[in-house]
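S.K.: This is a predicted model, with the sequence first.
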Amino acid sequence: MSTSIKFKLSFMMFLEFFIWGAWFVTLGTFLIKNLQASQFEISNVFSTQSLGAIIAPFIIGMIADRYFNAERILGILHLIGAVLMFQMYQATDISVFYPYVLSYMILYMPTLSLVNSVSFRQLTNPEKQFSSIRIWGTIGWIVAGLSISYLFKWDAAEASGEGALRNTFLMASVASLALGLFSFVLPKTPPVKILSDEKPSFASIIGLDAIKLLKDKNFLIFFIASILICIPLAFYYQNANPFLDQIGLENPTGKMTIGQISEVLFLLLLPIFFTKFGFKKTILVGMLAWAVRYLLFAYGDAGDLSFMLILGIALHGICYDFFFVSGQIYTDSKAGVKYKSAAQGLITLATYGLGQLIGFWVAGFVGEKYKSLQGTDVAAFWEQTWIIPAVIAFVVFILFLIFFKDEKVENKTENI
């Protein structure tokens with residue numbers, strides 16, 4: 001792979017995740033302070049990510065993979081996204097904001113698959129080369145968070161009531177415009193020609209062929225656990241930034257990038273842990289980390305116990321890598337050659353789609369249930385808010401421990 005292509009792919013990944021990190025982390029705080037959104041309205045906005053994840057296979061499987069170059073679709077989606085993001089920047093009411101964010105997420109979620117498609121088609125040895133490309137996406141997310149807190153100080157200004165977090169959408173719009181234009185100079189990635197005259201079925205296009213894997217009891221238990229563990233995960237996405245902001249932690253968005261730094265570290269450690277302890281123990285550690293993280297949030301504060309909050313953020317690497325990446329390896333090992341892509345699509349649909357969709361709604365219900373505390377005792381409100389996902393995560397941990405039968409996963413973990 002030439003240096004030029006490696007740079008283009010790396011810059012593509014950087015912008016792709018810079019855009020997401022530029023506005024999504026602070027979205028909850030923005031909705032509360034700028035648009036005075038209710039807990040259910042906040043849940044509806046965050047649910048657009050799940051709706052986008054559910055619709056994404058239709059866009060990729062039925063359009064991009066069959067008729068158009070991936071890099072051109074990527075460019076068009078980001079150019080439209082730049083316009084939608086600018087409209088979100090200008091919105092002053094939740095009823096105006098919602099249609100734009102829904103449209104945006106329906107268009108953005110497919111780009112996560114498209115950047116992977118563009119990358120993999122250019123790599124001669126994906127197992128060894130992709131990680132060095134993909135890591136620039138994580139760096140992009142980190143740079144976005146650090147910029148918000150330490151360069152522009154938008155979250156600090158937000159605490160003073162200046163409404164500066166609105167600028168995150170403008171920043172994301174500019175970055176989306178840049179990636180949209182840059183996509184047209186990416187390496188050409190035409191559709192893969194189907195050699196067989198047989199047209200792919202609708203089920204195969206959206207990944208439902210892999211539903212046959214659910215006949216395996218162990219995989220069924222893993223599938224259900226994947227949905228259930230994404231319920232507490234949704235609490236983090238929806239509530240973490242507003243929580244840190246409201247209890248007075250300085251530069252909350254910048255400090256949340258510790259989670260992405262941790263993700264990189266534990267991704268490097270995962271193959272060692274996976275090889276030594278196996279799949280079941282690895283994924284159980286990931287589940288338990290969710291429960292511990294939320295307890296740290298429930299009983300920590302921005303004063304003497306602020307270390308508990310930082311530790312909770314730092315656990316993101318274990319929470320994400322030990323469950324999601326291990327799950328991807330396990331899914332790949334259970335699927336035959338014919339169903340590998342469909343199986344990964346099925347798990348993505350279960351987690352980012354169904355699981356988090358339920359989770360955002362549950363988080364909204366919990367927020368409404370305890371909202372009376374927000375006006376009198378903010379600390380008590382957040383304590384109750386975090387205890388519930390901690391309990392859910394621990395229950396999933398126990399159920400998986402009891403019902404999942406340990407088995408050897410044949411995949412080589414260095415191919416993560």
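M.R.: Okay, I see it.
S.K.: how much space between residue 119 and residue 2?
M.R.: 14 Å (CB to CB, to the nearest Å). Yep, even glycine has a C-beta here, placed from its N, CA and C like the rest.
S.K.: domain assignment for the chain?
M.R.: For the chain, automatic domain parsing gives the domain ranges 1-192, 208-416.
S.K.: ok, residue 119 and residue 2, which is more surrounded?
M.R.: residue 119 (24 against 9; other CB atoms under 10 Å).
S.K.: And the more buried one, which helix or strand is it part of?
M.R.: Residue 119 belongs to helix 94-122 when assigned by DSSP states H and E.
S.K.: Over to residue 275?
M.R.: Per DSSP H and E: residue 275 is located in helix 258-299.
S.K.: Who are the packing partners of that helix?
M.R.: Contacts defined by 3 or more CB pairs under 8 Å, 6 or more residues apart in numbering; DSSP states H and E place helix 258-299 against helix 126-146, helix 217-246, helix 306-314, helix 316-320, helix 326-334, helix 378-403.
S.K.: redo that, cut-off 6 Å
M.R.: Applying 3 or more CB pairs under 6 Å, 6 or more residues apart in numbering; DSSP states H and E, one finds that helix 258-299 contacts helix 126-146, helix 306-314, helix 316-320, helix 326-334, helix 378-403.
S.K.: Deepest-packed of those, please.
M.R.: Looking across the helices and strands packed on helix 258-299 with neighbours counted as mean count of other CB atoms under 10 Å, the highest average goes to helix 316-320: a mean of 24.
S.K.: Show me how far that helix is from its chain's centre.
M.R.: Here helix 316-320 shows a centroid-to-chain-centroid distance of 12 Å under the convention CA atoms, centre = their mean, to the nearest Å.
S.K.: How about stretch 37-55?
M.R.: On CA atoms, centre = their mean, the centre of stretch 37-55 falls 13 Å from that of its chain.
S.K.: Identify the residues contacting it?
M.R.: Contacts to stretch 37-55, defined as CB atoms under 6 Å, 6 or more residues apart in numbering, come from residues 31, 94, 101-102, 105-106, 109, 238, 352-353, 356-357, 360-361, 364, 367-368.
S.K.: can you check stretch 114-123 too?
M.R.: Against stretch 114-123 from outside (CB under 6 Å, 6+ apart): 5, 9, 12, 16, 70-71, 74, 126, 129, 133, 186-187, 189.
S.K.: repeat for stretch 245-253
M.R.: 25-26, 29, 145, 148-149, 155, 241, 244, 302, 378.
S.K.: Pull out the buried members of the residues you listed.
M.R.: 25-26, 29, 145, 148-149, 155, 241, 244, 302 (16 or more other CB atoms under 10 Å).
S.K.: So which of those residues sit within helices?
M.R.: 29, 145, 155, 241, 244 (DSSP state H).
S.K.: What count of nearby residues applies to the nearest residue to residue 91 once chain neighbours are set aside?
M.R.: Nearest residue to residue 91 in three dimensions, chain neighbours excluded: residue 97, at 4.0 Å (CB to CB, 6 or more residues apart in numbering). Counted by other CB under 10 Å, the residues lying close to residue 97 total 23.
S.K.: confidence score at residue 97?
M.R.: Looking at residue 97, its pLDDT is 98.
S.K.: State the distance from it to residue 87.
M.R.: For residue 97, the distance to residue 87 - CB to CB - is 9 Å.
S.K.: Same check on residue 267?
M.R.: From residue 267 to residue 87 the distance is 36 Å (CB to CB).
S.K.: Next one: residue 301 from residue 378, what distance?
M.R.: Taking CB to CB, one finds residue 301 at 10 Å from residue 378.
S.K.: Spatially nearest residue to residue 292 (excluding sequence neighbours)?
M.R.: Per CB to CB, 6+ apart, closest to residue 292 is residue 315, 6.5 Å.
S.K.: pretty sure that neighbour contacts residue 291?
M.R.: No. Applying CB atoms under 6 Å as the test, residue 315 and residue 291 come out as separate, 10.1 Å apart.
S.K.: When you compare pLDDT across the buried ones among the contacts of stretch 245-253, which one is lowest?
M.R.: residue 155 (90).
S.K.: burial measure for the residue nearest to that residue when sequence neighbours are not counted, as a count.
M.R.: The spatially closest residue to residue 155, leaving aside those adjacent along the chain, is residue 253, at 4.8 Å (CB to CB, 6+ apart). Taking other CB under 10 Å as the neighbour definition, residue 253 ends up with a count of 29.
S.K.: Centre-most residue in this structure?
M.R.: residue 352 (7.3 Å; CA atoms, centre = their mean).
S.K.: okay but the residue nearest to residue 91 is in contact with residue 90, surely?
M.R.: No. Using CB under 6 Å, residue 97 is not in contact with residue 90; the gap is 9.4 Å.
S.K.: Can you find the helix or strand of the chain with the lowest average pLDDT?
M.R.: Ranked by mean pLDDT, DSSP states H and E, the helix or strand of the chain with the weakest confidence is helix 202-205, at a mean of 60.
S.K.: Enumerate every residue touching the residue lying closest to residue 383 once chain neighbours are set aside.
M.R.: Of all residues not flanking residue 383 in the chain, residue 298 sits nearest, at 4.8 Å (CB to CB, 6+ apart). The contact partners of residue 298, by CB under 6 Å, 6+ apart, come to 383, 386-387.
S.K.: Same check on residue 32?
M.R.: residue 242.
S.K.: and whichever strand or helix holds it, how far from the chain's centre?
M.R.: Element membership for residue 32 (DSSP H and E) is helix 27-33. How far helix 27-33 lies from its chain's middle: 18 Å, per CA atoms, centre = their mean.
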